[in-house]
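Enquirer: fold the following and give me the result.
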Amino acid sequence: MNFTKHITLKHLLIHHQKMIGIQFHPDKVIQALIKELHKPRWSKEYSMVYVVNNKENLNQIFEKFRGVAWVNGNSFFKEKNIRENQPVDINWYRNRINKSSYRYVPEVYLAKLELKRYALNTCKIYISQFEKFINHYPDKDIIALSEQEIRSYLQYLIHQNKSNSYINQAINSIKFYYEVVMGMPNRFYSIERPRKEQKLPKVLSKEEIIMMMESTNNIKHRCIIGLLYSAGLRRSEVLNLKIEDIDSKRMLIFIRNAKNNRDRYSLLSETVLKELRIYYSQWKPKEYLFESPDGRKYSDKSVGAIVSRAATKANIKRRVTPHILRHSFATHLLENGTDLRYIQALLGHSSSKTTEIYTQVAVHNFKLIKNPLDL
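Expert: This next block holds a predicted model:
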């Protein structure tokens, strides 16, 4: 059936009570049917009609508009799949020594992060950002904070010259509480986000990366740098590698449960494989490919420090991070003529648009252009 009339249901919080907001274009038929709902009211703040959020009212709305208008109630029924990341340990946040003057993230927030199995880095960002937000309003009940108060906080961040990325993280942490923890999807649907910054990826030359590896005497560190570059791995992907993920017969690396909960394969370099065999014979890791002396998985900070130290020894003046090696892998493949679709698969990008950014930093086409000053 092709409906010309439609309504959208929104989660609202009015006087500390959950409500169902009903958004629609002015229409006499819809208005007449809404009057037949149980105690409909008008909200000046949200510019829409609302009724109490309960199962009876929700069912009544769908019954009332069946065959008359299409009802968009996705926010009330759609539940995102739980991620399959490994269980995350955020007990450190529970075990902190509490200061009376500081507001801590509620336990329900931590529990929901664990249930959804968000990546550890995401948990850290959400907790940190949400605590900054609630401490901006130290005397106000969290659940009662309005859209205007959220906007005021975001304006405060703008005046603090915070980046667009930082502000988006703050919005994500706030929306997570109201929409996921408190079960009100689309609660703050009208909060404006800053425009996404389009920064080009930073890239090293192949010669610089070889210099980094050659200046690193520690075989484990050399293998980590080699894998970051030669397979285009993220820092977390290197840390999660297990011994059986290195397939020397097919010259592939298996990356499990990567970003967006996807498995994929990437390339195994012959040069890196030789180094890995030497490393394995010396260190004999038990489970993870790279383990700390006490047998646990290597830490994020350790990988960052290894890359930074190698860049300094190679006399590279720019700041070098593990992700720059991943950017360099993609750019160098593109410069060597590899199809963009293969690069997308190797990097694990869900959208080709993400991979296309490397066309703006690859120099192979630029070399064909004659500079007008040299003509």
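
Enquirer: CA atoms for contacts and neighbours, from now on please.
Expert: OK.

Enquirer: looking at the protein, which helix is longest?
Expert: helix 120-136 (DSSP state H).

Enquirer: mind listing what's buried in the following helix or strand past that one?
Expert: Once the chain leaves helix 120-136, the next helix or strand it forms, by DSSP states H and E, is helix 147-159. Neighbour-count burial for helix 147-159, with 16 or more other CA atoms under 10 Å as criterion, is recorded at 147, 150, 153, 154, 157.

Enquirer: stretch 327-345 now?
Expert: Buried residues in stretch 327-345, counted by 16+ other CA under 10 Å: 327-335, 340, 343-345.

Enquirer: and stretch 117-133, by the same measure?
Expert: Quick answer for stretch 117-133 (16+ other CA under 10 Å): 117-120, 123, 126-133.

Enquirer: let me know the distance separating the residue most central in space within the chain from residue 113.
Expert: Nearest to the mean C-alpha position of the chain, by CA atoms, centre = their mean, lies residue 122 at 6.6 Å. Distance, residue 122 to residue 113, by CA to CA, to the nearest Å: 9 Å.

Enquirer: how about residue 242?
Expert: 25 Å.

Enquirer: next: residue 184.
Expert: According to CA to CA, residue 184 stands 16 Å off from residue 113.

Enquirer: check residue 303 too.
Expert: As judged by CA to CA, residue 303 and residue 113 stand 25 Å apart.

Enquirer: those two: which is more packed in?
Expert: Between residue 303 and residue 113, residue 113 has the larger neighbour count (other CA atoms under 10 Å), namely 24 against 21.

Enquirer: hmm, that one is touching residue 123, no?
Expert: Yes. Under the criterion of CA atoms under 8 Å, residue 113 is in contact with residue 123, at a separation of 6.7 Å.

Enquirer: need the overlap of contacts for those two.
Expert: Common contact partners of residue 113 and residue 123 (CA atoms under 8 Å, 6 or more residues apart in numbering): none.

Enquirer: what is the burial count for residue 307?
Expert: 25.

Enquirer: what's the pLDDT at it?
Expert: Predicted confidence (pLDDT) for residue 307: 96.

Enquirer: now the strands for the protein?
Expert: Along the chain, counting by DSSP state E, strands occupy 6-14, 17-24, 41-43, 48-52, 70-72, 246-247, 252-255, 264-267.

Enquirer: looking at the ones you listed, which is closest to residue 219?
Expert: Of all the strands of the chain, it is strand 246-247 that lies closest to residue 219, at 16.9 Å by CA to CA.

Enquirer: distance from that closest one to the middle of the chain?
Expert: In this view, strand 246-247 has its centroid 28 Å away from the chain centroid, taken as CA atoms, centre = their mean, to the nearest Å.

Enquirer: show me what that strand is packed against.
Expert: Packing contacts for strand 246-247, counted by 3 or more CA pairs under 8 Å, 6 or more residues apart in numbering; DSSP states H and E, involve strand 252-255.

Enquirer: and the strand it packs on, what does it pack against?
Expert: Using 3+ CA pairs under 8 Å, 6+ apart, strand 252-255 sits against strand 246-247, strand 264-267.

Enquirer: now those strands as JSON lines including distance to residue 298, mean neighbour count and mean pLDDT?
Expert: Shown next, in JSON lines, are those (distance: least, CA to CA, whole Å; neighbours: other CA atoms under 10 Å; pLDDT from 0 to 100):
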{"stretch": "strand 246-247", "distance to residue 298": "17", "mean neighbour count": "17", "mean pLDDT": "96"}
{"stretch": "strand 264-267", "distance to residue 298": "21", "mean neighbour count": "18", "mean pLDDT": "95"}
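
Enquirer: turn those into a markdown table, including distance to residue 355.
Expert: What follows is those, written out as a markdown table (distance: least, CA to CA, whole Å):
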| stretch | distance to residue 355 |
| --- | --- |
| strand 246-247 | 25 |
| strand 264-267 | 15 |
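
Enquirer: any idea which of the ones you listed gets closest to residue 195?
Expert: When the helices and strands packed on strand 252-255 are compared (using CA to CA), the closest one is strand 264-267, at 30.9 Å.

Enquirer: CA atoms only: put the closest one into PDB for me.
Expert: Presented in PDB, the C-alpha positions along strand 264-267 are these (Å, rounded to 0.1, in the frame of the first residue of the first chain):
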ATOM      1  CA  ARG A 264      39.200 -10.100   6.800                       C
ATOM      2  CA  TYR A 265      42.500 -11.100   5.300                       C
ATOM      3  CA  SER A 266      45.500  -8.900   4.500                       C
ATOM      4  CA  LEU A 267      48.900  -9.500   2.900                       C
END
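
Enquirer: how many residues are close by residue 37?
Expert: Using other CA under 10 Å, residue 37 is surrounded by 16 other residues.
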